[in-house]
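*Asks:* Take this sequence and fold it.
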Amino acid sequence: MALALLAGTGAAAQAAPIPPANPAAAPGSFTETNIGADRTAANFFYRIPALTYLGNKVVLAAWDGRPGSAADAPNANSIVQRRSTDGGQTWGPVQVIAAGHVGDASSAKYGYSDPSYIYDAEAGKVFAFFVYSKDQGFGGSQFGNDDADRSVISSAVIESSDGGATWSQPRLITNVTKPGTSKTAPVAGDVRSNFASSGEGIQLKYGQYKGRLIQQYAGDVRQADGTNRIQAYSVYSDDHGATWHKGANVGDRMDENKTVVLSDGRVLLNSRDNANQGYRKVAISTDGGATYGPVSQDTELPDPANNGAIARMFPDAAQGSADAKKLIFTNANSKTGRENVSARVSCDDGATWPGVRTIRSGFSAYSTVSRLADGTFGVLYEGNYTDNMAFAKFDDAWLNYACAPLSVPAVTTAPAATQQVPVTITNQEAATLTGATATIYTPTGWTATTVPVPDVAPGASTTVTVALTAPANASGRRTSTPHSRRRMAGFRSSRSPPRFRWHRR
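*Replies:* Sure thing, here's the model as predicted:
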């Protein structure tokens, strides 16, 4: 995959890969099925995907069934599920696992929204978290955690011990996820409104907190100065879901957020930006999600204020191993719109990210990703807000990546001028990088040379120079990676002998 320094008027150039627009193109295999086409009158609008893999080829997929409209809570939504027993090749019928009620003369309305699974591999149980709403959704909920109060949004969890075939009745854990009992005199730390981040939570694989279950929440939290902030926090269990505990609040304008365990046992939080500043927000926990350090932008991960997902590529990889450092991230690959759901790979615990592959061009929104047992990944995402819950399945080869971050300094390009842009490539792979070329991905009117990349030994770096020519009508622009962050080019090795290639699509 060609190295791409995205250049153009109105935006800083960035070292970023060129995403192939056709997901069916080589290498690797890619299939896709719409598992939300058979909607019913009661569940007419489908939104908000969740996905998990339970082993033995059992895959669970859930989402909101929204009657009457595609509205969020407090619409009388239900959580619906389809179950696969052959690794996502075929799917069973739509099953309602938490039924909302539109309201009638005998009882008031209520609804369930925004599902998220956690699979407890140690106990053989799976949990599903979601909102329980009455008269108010996230925007209108009041302080307090009395579940009988119809102005208070509540938190529910159900569990299954038979692989998602049957489920318990909802158990309310609002007193854990939404601290503060006073509606009229909230104190610092009280939560006015919240919801479980849809998609999938995690179980820690090793270290001091091995076995811990972690589900992420976003909440509107009262601050010491009397203001409120949208903050992220973990809700976790160390006793296989018998009890749940709330971690510390982190950040501001965080919104839907996910976590992943890193190769050294730390937990990385990755959040949608509620302020819509164009990039994902990240923070690190060293105590199993109980607290998080400072929040920063990851300017290698665009974000159009949309829910995404992050997961380990090799969930069972040994602590500290090269495979344990590899992460996969999916989201709408845009800073401005819900479009182009794509997958990226990191080989260094999320410090840098490689070439992106597009799962769907054009409109596409929330996504969630899970590793399946047969060497493939499953991504469930919104193809529309009505009847398209697309399940994409692809193998590792389809990702077409290798581990080689790029470093690009800040330069200035004048109209009609040619600027020599040095690009440093660092090989993180165990094999020598050979046969690569680099170019600059340019919009209409810009031109760039394509240059060969010398062989790069494992752990070594090399620098090549790419000539970038601006059009005559371009204004002077800085061309740089933001904050001098390194970028990853996407390319892939052949089997034998080991070779790597960048190719443009």
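*Asks:* Got the domain ranges for the chain?
*Replies:* 5-10+404-501, 21-102+109-399 (automatic domain parsing).
*Asks:* Can you check the distance spanned by the last one, start to finish?
*Replies:* Domain 21-102+109-399 stretches 13 Å from its first residue to its last (C-alpha to C-alpha, to the nearest Å).
*Asks:* Quick check: mean pLDDT of it?
*Replies:* Per-residue pLDDT values over domain 21-102+109-399 give a mean of 97.
*Asks:* As a check, name the ranges of all strands in the stretch 151-300 of the chain.
*Replies:* Assigned by DSSP state E, counting those that start in this stretch, the strands in the stretch 151-300 of the chain fall at 154-160, 171-172, 191-196, 199-200, 202-203, 213-222, 228-237, 245-246, 257-261, 267-271, 279-285, 296-302.
*Asks:* a markdown table for those strands, including distance to Ala41 and mean neighbour count?
*Replies:* Where C-beta positions appear, they are placed from N, C-alpha and C, glycine not excepted. Below are the strands of the stretch 151-300 of the chain laid out as a markdown table (distance: least, C-beta to C-beta, whole Å; neighbours: other C-beta atoms under 10 Å):
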| stretch | distance to Ala41 | mean neighbour count |
| --- | --- | --- |
| strand 154-160 | 24 | 23 |
| strand 171-172 | 29 | 14 |
| strand 191-196 | 26 | 26 |
| strand 199-200 | 27 | 29 |
| strand 202-203 | 36 | 22 |
| strand 213-222 | 32 | 25 |
| strand 228-237 | 35 | 23 |
| strand 245-246 | 38 | 18 |
| strand 257-261 | 33 | 28 |
| strand 267-271 | 36 | 25 |
| strand 279-285 | 38 | 21 |
| strand 296-302 | 38 | 20 |
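*Asks:* Adding distance to Pro93, write those strands out as JSON lines.
*Replies:* Shown next, in JSON lines, are those (distance: least, C-beta to C-beta, whole Å):
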{"stretch": "strand 154-160", "distance to Pro93": "17"}
{"stretch": "strand 171-172", "distance to Pro93": "26"}
{"stretch": "strand 191-196", "distance to Pro93": "25"}
{"stretch": "strand 199-200", "distance to Pro93": "22"}
{"stretch": "strand 202-203", "distance to Pro93": "29"}
{"stretch": "strand 213-222", "distance to Pro93": "27"}
{"stretch": "strand 228-237", "distance to Pro93": "31"}
{"stretch": "strand 245-246", "distance to Pro93": "36"}
{"stretch": "strand 257-261", "distance to Pro93": "29"}
{"stretch": "strand 267-271", "distance to Pro93": "33"}
{"stretch": "strand 279-285", "distance to Pro93": "36"}
{"stretch": "strand 296-302", "distance to Pro93": "36"}
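*Asks:* Out of those strands, which is closest to Gln142?
*Replies:* strand 191-196 (6.7 Å; C-beta to C-beta).
*Asks:* Point me to the residue sitting closest to the centre of this protein.
*Replies:* Ala309 (1.6 Å; C-alpha atoms, centre = their mean).
*Asks:* hang on, that residue packs against Gly199?
*Replies:* Yes. At 5.1 Å, Ala309 counts as touching Gly199 under the criterion of C-beta atoms under 8 Å.
*Asks:* anything in contact with each of the two?
*Replies:* 258, 368 (C-beta atoms under 8 Å, 6 or more residues apart in numbering).
*Asks:* So in terms of bridging, what pairs with Ser78?
*Replies:* Gly65 (DSSP bridges).
*Asks:* from memory it sits against Asn43, does it?
*Replies:* Yes. At 5.9 Å, Ser78 and Asn43 qualify as touching, with contact defined as C-beta under 8 Å.
*Asks:* ok, the spatially closest residue to Val260 that is not a sequence neighbour - contacts?
*Replies:* Spatial nearest neighbour of Val260, excluding adjacent residues (C-beta to C-beta, 6 or more residues apart in numbering): Ile310 at 4.7 Å. Contacts for Ile310 were tallied using C-beta under 8 Å, 6+ apart; they are 258-260, 268, 270, 327-329, 350, 369.
*Asks:* try 6 Å
*Replies:* Going by C-beta atoms under 6 Å, 6 or more residues apart in numbering, Ile310 touches 258, 260, 270, 329.
*Asks:* do the same with Val152
*Replies:* 141-142, 144.
*Asks:* could you redo the last one with a cut-off of 7 Å?
*Replies:* Val152 sits next to 141-142, 144-146 when contact means C-beta atoms under 7 Å, 6 or more residues apart in numbering.
*Asks:* For those residues, which PyMOL command selects only the ones that are buried?
*Replies:* Remark: buried members of the contacts of Val152, expressed as a PyMOL selection using 16 or more other C-beta atoms under 10 Å:
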select buried, resi 141+142+144+145
